[in-house]
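# curious how this folds, go ahead:
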Amino acid sequence: MEPKVRMVVGRVSWRPTPEPLDGFLMVVLIDKRSNRLPVIDLRRNWARDAYPAGVGGGGPQNKIAQRYPWLRGMGYKKIGENEWLSEGNVIWAHDQEASPLTFVARFPPTRNPQLPETALTTEPIAVSDLLLAVVCVGSDNQIYWAHRLQG
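Numbering: from 1, shown residues only. The predicted structure is shown next:
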């Protein structure tokens, strides 16, 4: 019997600051069991015409993981001499008006033989297995702060 993909629905909201944000917010979800990012899909807020947020990877992720050890799961994993692996993604909110963000995180079973056995996500996932954080990054990729919301 094939293991099934596990899914978690989440929602993050905030109040905009009085001054516009010079940069963006990153919403990060990490599976603490494997210290990896899941694949995330955003659910659009249909009350708005535009959705000022997206999902992706790259940018300052490694820098954030080095500065905040508790966020090391968002950094790329070295799998070879000159090879790095980045599975999963984070949410990028380029506009404070993106609040609230609703997302679905997918936790498929891992079949990559290069990853350690501890990276398997075949067991049911619990909220206590997840770390949720928000990171404020400036327009020049300067990291201002990180705040743990859960986990």
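# tally of neighbours for residue 80?
Residue 80 sits with 8 neighbouring residues when counted by other C-beta atoms under 10 Å. No exception for glycine: its C-beta is placed from N, CA and C like everyone else's.
# er, residue 29 actually
When neighbours are counted by other C-beta under 10 Å, residue 29 registers 25.
# which of the three states applies to it?
Each residue gets one of three states, and residue 29 gets strand by DSSP: H, G, I helix; E, B strand; the rest coil.
# ok, residue 144 next?
At residue 144, secondary structure determined by three-state DSSP is strand.
# please, which helix or strand holds the residue lying closest to it once chain neighbours are set aside?
Computed as C-beta to C-beta, 6 or more residues apart in numbering, the closest residue to residue 144 that is not its neighbour in sequence is residue 136, at 4.3 Å. Residue 136 is part of strand 130-138, with elements assigned from DSSP states H and E.
# and that strand, how far out from the chain middle?
8 Å (C-alpha atoms, centre = their mean, to the nearest Å).
# pull out the buried residues from it.
130-137 (16 or more other C-beta atoms under 10 Å).
# what does stretch 30-49 give?
30-31, 33-38, 40, 42, 45.
# what about stretch 9-16, start to end distance?
Distances were taken as C-alpha to C-alpha, to the nearest Å; on that basis the terminal residues of stretch 9-16 are 23 Å apart.
# what does that stretch rub up against?
The contact list for stretch 9-16, computed with C-beta atoms under 8 Å, 6 or more residues apart in numbering, reads 25, 27, 29, 91, 96-97, 99-105, 132, 134, 149.
# can you name the residues bridging to residue 7?
According to DSSP bridges, the partner residues bridging residue 7 are residue 106.
# before I go, just wanted to say thanks for your time.
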